[in-house]
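**Q** Sequence plus the predicted model coming up.
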Amino acid sequence: MALPPSCPPLAEVTLTIQSTLAHRSIFRGWFVVAGAFAVTLVGFGCAYTFSAFLKPLQLEFGASRGSVSLVFSLAGFLYFGLGIISGPLADRFGSRVLAVIGMLLTGLGLFAAGFARSLAEVYLAYGLGVGVGVGCAYVPAIGAVQRWFVRRRGFASGLAVSGIGVGTLAMPPLATLLIEMLGWRGAYLALGLLAAAIGGVLALLIENDPRDRGLGPDGDQALATGSSRAAGASIAEAVRSRNFIALYVACLICAFGVFVPFVHLVPYASDHGVTPTTAVLLLGVIGIGSTAGRFLLGGLADRMGRTSALLLMFAGMAVTLAIWAISINVWALAAFAFVYGAFYGGWVAVLPAVVMDYFGGRNVSGIIGILYTSVAFGTLIGPSAAGFAYDLMHSYTVPILISATANVVAALIVAAVLAPGGRATVGAARR
């Protein structure tokens with residue numbers, strides 16, 4: 001039977017249906033975000049349980065607070081510092097394999113920590129295992145997300161790293177429960193199995209580049225006209241630029257203080273009469289704030305300018321750390337934990353997007369990896385130095401105020417050097 005003259009041609013109808021279905025399907029980039037979310041949740045969630053283990057490890061090995069804190073500092077140094085290796089490897093060979101290997105190594109390190117017979121063995125098992133594992137997975141996972149988005153890059157990056165916030169919320173209370181049920185050794189065994197099983201499987205969702213599936217960023221192009229990997233600055237061009245140097249120095253100085261609360265907030269609260277069970281919940285409050293910051297501030301950065309947002313994060317962390325120094329009851333500490341978590345989460349969400357803005361996608365994982373070595377050095381020194389300062393002065397006031405000052409200096413560097421519009425010339429002409 002012939003179609004009425006008013007009907008559109010069959011080919012046109014078919015194209016319309018196909019276009020509608022494609023429009024309604026879920027963009028593959030969001031699955032990449034989900035995989036990165038799982039990696040950050042499991043990896044950093046397990047890492048940030050360390051505060052719950054600090055006092056049990058002190059009692060088990062008769063160690064000072066500073067020497068036990070060095071376990072976390074070593075792990076932090078490695079999981080940020082190894083991005084300089086894992087990032088370029090991901091740019092060349094793909095992000096998925098590194099993310100899967102990283103999650104398996106994280107699980108193995110936690111499992112091995114449960115069998116440690118000395119603090120030195122904890123350094124090797126937890127410090128090296130978790131440090132190398134998260135270091136293999138984190139930068140490749142976050143770098144992959146940057147290539148899949150342009151307009152919503154800040155929001156997507158925020159979603160991906162919000163796993164850190166959710167992990168900080170969920171994992172420390174879980175670790176405390178496991179310690180009460182199984183002891184600290186059994187808790188590490190259980191966390192190791194969880195990290196390898198859940199993290200290793202969900203990391204398979206990560207993919208390196210939308211062009212590998214014939215897609216463009218944001219899912220609004222059927223075919224990309226140019227590879228996102230081919231656009232942007234070389235690593236040599238990036239690291240020699242004034243903007244990269246400013247970012248590196250700002251993050252280095254900031255990192256001396258930014259992770260101090262993750263190690264010392266629980267013992268600080270305990271020193272001020274908060275029960276251990278309640279004290280560990282403060283890490284969960286940081287996680288709530290961090291998750292909110294990554295969702296809200298990551299999206300806000302897309303509208304206000306991501307460099308301006310980065311300046312706001314440094315300034316916000318500085319103010320809230322200063323407030324911590326005078327907070328002594330559980331409600332004041334909870335308020336600090338939430339607001340600090342929000343600005344910290346915003347910092348983690350915005351920083352990779354800023355790197356992509358300035359230097360393009362061709363070597364984004366490698367450039368992020370090199371930048372994160374600044375955070376590695378700060379993390380290696382900051383939390384352990386705060387612990388040794390406490391051992392010497394029996395007070396956290398001085399290390400907390402130094403941490404706040406470090407973020408003020410980082411904010412001043414960003415304000416003085418980086419363009420407020422969030423764009424720079426290095427690699428921009430190639431994008």
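**A** It's in.
**Q** Does residue 199 touch residue 110 like I think?
**A** No. Residue 199 lies out of contact with residue 110 (C-beta atoms under 8 Å); the separation is 10.8 Å. Just so you know, the C-beta spots here come from the backbone N, C-alpha and C atoms, and that holds for glycine as well.
**Q** What segments of the chain are strands?
**A** Applying DSSP state E to the chain gives no strands.
**Q** low-scoring stretches of it, by residue?
**A** 1-24, 212, 218-231, 298-299, 419-431 (pLDDT under 70).
**Q** Just give me the longest helix of it.
**A** helix 153-194 (DSSP state H).
**Q** what separates that one from the chain centre, distance-wise?
**A** 13 Å (C-alpha atoms, centre = their mean, to the nearest Å).
**Q** Could you do stretch 371-391 as well?
**A** 17 Å.
**Q** Can I get it in CSV? Just the C-alpha atoms.
**A** Provided in CSV are the C-alpha atoms of stretch 371-391 (Å, rounded to 0.1, in the frame of the first residue of the first chain):
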residue,chain,number,x,y,z
LEU,A,371,51.9,17.7,38.6
TYR,A,372,50.8,15.3,41.3
THR,A,373,54.5,14.7,42.3
SER,A,374,54.1,18.1,44.0
VAL,A,375,51.3,16.7,46.1
ALA,A,376,53.4,13.5,46.8
PHE,A,377,56.2,15.5,48.3
GLY,A,378,53.8,17.5,50.4
THR,A,379,52.0,14.4,51.6
LEU,A,380,55.2,12.7,52.5
ILE,A,381,56.3,15.5,54.8
GLY,A,382,53.1,17.1,56.1
PRO,A,383,51.2,14.4,58.1
SER,A,384,54.3,12.8,59.5
ALA,A,385,55.8,16.2,60.5
ALA,A,386,52.5,17.0,62.2
GLY,A,387,52.8,13.8,64.2
PHE,A,388,56.4,14.5,65.2
ALA,A,389,55.4,18.0,66.2
TYR,A,390,52.7,16.6,68.4
ASP,A,391,55.2,14.2,70.0
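**Q** Buried ones in that stretch, by neighbour count?
**A** For stretch 371-391, a neighbour-count test (16 or more other C-beta atoms under 10 Å) marks 371-390 as buried.
**Q** Just the CA coordinates for stretch 280-295, please, in PDB.
**A** Extracted C-alpha coordinates of stretch 280-295, given in PDB (Å, rounded to 0.1, in the frame of the first residue of the first chain):
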ATOM      1  CA  VAL A 280      36.200   8.300  63.600                       C
ATOM      2  CA  LEU A 281      32.800   9.500  62.300                       C
ATOM      3  CA  LEU A 282      34.400  13.000  61.800                       C
ATOM      4  CA  LEU A 283      36.300  11.500  58.900                       C
ATOM      5  CA  GLY A 284      33.000  10.400  57.500                       C
ATOM      6  CA  VAL A 285      31.800  14.100  57.800                       C
ATOM      7  CA  ILE A 286      34.900  15.100  55.800                       C
ATOM      8  CA  GLY A 287      33.700  12.600  53.200                       C
ATOM      9  CA  ILE A 288      30.100  14.000  53.200                       C
ATOM     10  CA  GLY A 289      31.500  17.500  52.700                       C
ATOM     11  CA  SER A 290      34.000  16.300  50.100                       C
ATOM     12  CA  THR A 291      31.200  14.600  48.100                       C
ATOM     13  CA  ALA A 292      29.100  17.700  48.200                       C
ATOM     14  CA  GLY A 293      32.100  19.800  47.100                       C
ATOM     15  CA  ARG A 294      32.900  17.600  44.200                       C
ATOM     16  CA  PHE A 295      29.300  17.600  42.900                       C
END
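**Q** Need the residues that contact that stretch.
**A** By C-beta atoms under 8 Å, 6 or more residues apart in numbering, the surrounding residues in contact with stretch 280-295 are 48, 51-52, 158-159, 161-162, 164-170, 172-173, 175-176, 261-262, 265-266, 269, 274, 330, 333-334, 337-346, 348-349.
**Q** would you list every one of the helices in the stretch 201-350 of the chain?
**A** Along the stretch 201-350 of the chain, counting by DSSP state H, counting those that start in this stretch, helices occupy 235-240, 242-258, 260-271, 276-304, 306-324, 330-359.
**Q** how far out from the middle of the chain is the shortest one?
**A** The one in question is helix 235-240. Worked out by C-alpha atoms, centre = their mean, helix 235-240 lies 23 Å from the chain centre.
**Q** for that helix, packing partners?
**A** Counting contacts by 3 or more C-beta pairs under 8 Å, 6 or more residues apart in numbering; DSSP states H and E, helix 235-240 packs against helix 330-359, helix 364-393.
**Q** Of those helices, give the one that comes closest to residue 416.
**A** helix 330-359 (15.8 Å; C-beta to C-beta).
**Q** What residues of the closest one count as buried?
**A** 330, 333-359.
**Q** same check, this time on stretch 182-199
**A** 184, 187, 188, 189, 190, 191, 192, 194, 195, 196, 199.
**Q** of all those, which comes closest to residue 246?
**A** The nearest one, if we look at the buried residues of stretch 182-199 relative to residue 246 and count by C-beta to C-beta, is residue 199, at 33.8 Å.
**Q** Return the residues in contact with that closest one.
**A** Contacts of residue 199 (C-beta under 8 Å, 6+ apart): 38, 39, 42, 43, 103, 106, 107, 137.
**Q** how close does the nearest residue to the fifth one once chain neighbours are set aside sit to residue 107?
**A** Distances taken as C-beta to C-beta, 6 or more residues apart in numbering place residue 199 nearest to residue 103, at 3.4 Å, with adjacent residues excluded. As defined by C-beta to C-beta, to the nearest Å, residue 199 lies at a distance of 7 Å from residue 107.
**Q** Ok, residue 65 next?
**A** 27 Å.
**Q** Neighbour count for the two, which is higher?
**A** residue 107 (26 against 21; other C-beta atoms under 10 Å).
**Q** mind checking how far the closest residue to the more buried one other than its chain neighbours is from residue 63?
**A** Spatially, and ignoring its direct neighbours in sequence, residue 107 is nearest to residue 196 (2.8 Å; C-beta to C-beta, 6+ apart). Residue 196 is 28 Å from residue 63, where distance means C-beta to C-beta.
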